[in-house]
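Visitor: I would like the atomic coordinates for the input below:
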Amino acid sequence: MSDPYLLLWFEAPLQSWGADSKFGRRDTLKFPTKSGVLGLVCSALGAGGEQSELLVRFAPLDMQVISYRKTNAKQQRQDKQPLLRDFQTVGNGYDDQDPWQTLLIPKTAEGKKAVGGGSKLTYRYYLQDAVFAVALQVPADLADDLAQALQNPNWDIYLGRKNCIPTELVFQGVFNDLSALKIKAAEIAVSKKLLEDFQVLQGEQEGDEHLTLNDVPIQFGQHKKYRDRQVTLFYSQEDYEGG
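Guide: Just a heads-up that it's a prediction; the model follows:
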């Protein structure tokens, strides 16, 4: 028996799927990353820490994404919403007399306290009104436990960042056949009056765009480790022609 797929439905006002952002600017890809999806799965399981033994089982398995776009009253695609940029400050509110808290306060290059307290602006980017169907292949012996966990999560689940709360049930079924999964996703899309925007398939194929992503988690926790995977994007004809 081959490993089955879970159909996950990601729909929310905000989503954010960073692949390689660091420091003060945290970008988002235009589709969910494998690291973000497996982070959500671990939250549902209540699995904290490194989780190396669990993650290594998912690493070689498939993940595909279908992006949908909302439609207007004429059943035409709505224009894509621009990325939302949010900014936050870090380094405020710490006690500079506490030897541990002072380590969290940004310093100058010389290690001195900055003028104005050393607070620093950081930028975070979000997709707005995005909708995705994710086909996540999972080890067969874990499928039932994962289905239960996603319907009754141990910890809160969110779509990339903790402020990205899903507005639809994430778990939509277990499928042994990928074609059946895509039929179910299409049915949900029709019921919500959504049109397909693009697909992201794992591996290098003859498609419209190829990307190499460092988003396959090998280890979570304090010292995260990832490895690369290649994906191919297939745009709807309207988008590919610039529509």
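Visitor: Secondary structure element holding the residue of the chain most remote from its centre?
Guide: In the chain, the residue that sits farthest from the middle, by C-alpha atoms, centre = their mean, is Q97; the gap is 38.7 Å. Using DSSP states H and E, Q97 sits within no helix or strand.
Visitor: okay but L54 is in contact with C42, surely?
Guide: Yes. The pair L54 and C42 passes the contact test of C-beta atoms under 8 Å, sitting 7.4 Å apart. Bear in mind the C-beta positions are built from the backbone N, C-alpha and C, glycine included.
Visitor: out of these two, which sits in the busier spot?
Guide: Taking other C-beta atoms under 10 Å, L54 and C42 do not tie; C42 has more neighbours (21 against 17).
Visitor: what's whichever helix in the chain runs longest packed up against?
Guide: The single longest helix within the chain, with elements called by DSSP state H, is helix 178-191. For helix 178-191, the helices and strands in contact under the criterion 3 or more C-beta pairs under 8 Å, 6 or more residues apart in numbering; DSSP states H and E are strand 5-11, strand 63-70, strand 131-137, strand 171-175, strand 194-202.
Visitor: and the next helix or strand after the longest one, which strands flank it?
Guide: Beyond strand 194-202 on the C-terminal side, the first helix or strand identified by DSSP H and E is strand 209-219. Taking DSSP bridges as the criterion, strand 209-219 pairs within the sheet with strand 225-235 (antiparallel).
Visitor: Taking their axis directions, the partner strand and strand 194-202 sit at what angle?
Guide: Note on geometry: by axes from the mean of the first three to the mean of the last three C-alpha atoms, to 10 degrees, strand 225-235 and strand 194-202 are set 130 degrees apart in direction.
Visitor: Only the buried residues of strand 225-235, if you could.
Guide: Residues of strand 225-235 classed as buried by neighbour count (16 or more other C-beta atoms under 10 Å): 226, 229, 231-235.
Visitor: quick one: low-confidence ranges for the protein?
Guide: 1, 21-23, 91, 114-118, 238-243 (pLDDT under 70).
Visitor: how is it carved up into domains?
Guide: The chain breaks down by the TED database into domains covering 5-81+129-235, 88-126.
Visitor: Deepest-packed of those domains, please.
Guide: Most buried of the domains of the chain by mean neighbour count (mean count of other C-beta atoms under 10 Å) is domain 5-81+129-235; its value is a mean of 17.
Visitor: Straight-line length of it, end to end?
Guide: Start-to-end span of domain 5-81+129-235 (C-alpha to C-alpha, to the nearest Å) is 23 Å.
Visitor: Going forward, count from 48.
Guide: Let's use 48 as the start, then, which means that last one is domain 52-128+176-282.
Visitor: how far out from the middle of the chain is that domain?
Guide: 6 Å (C-alpha atoms, centre = their mean, to the nearest Å).
Visitor: Nothing else from me, thank you.
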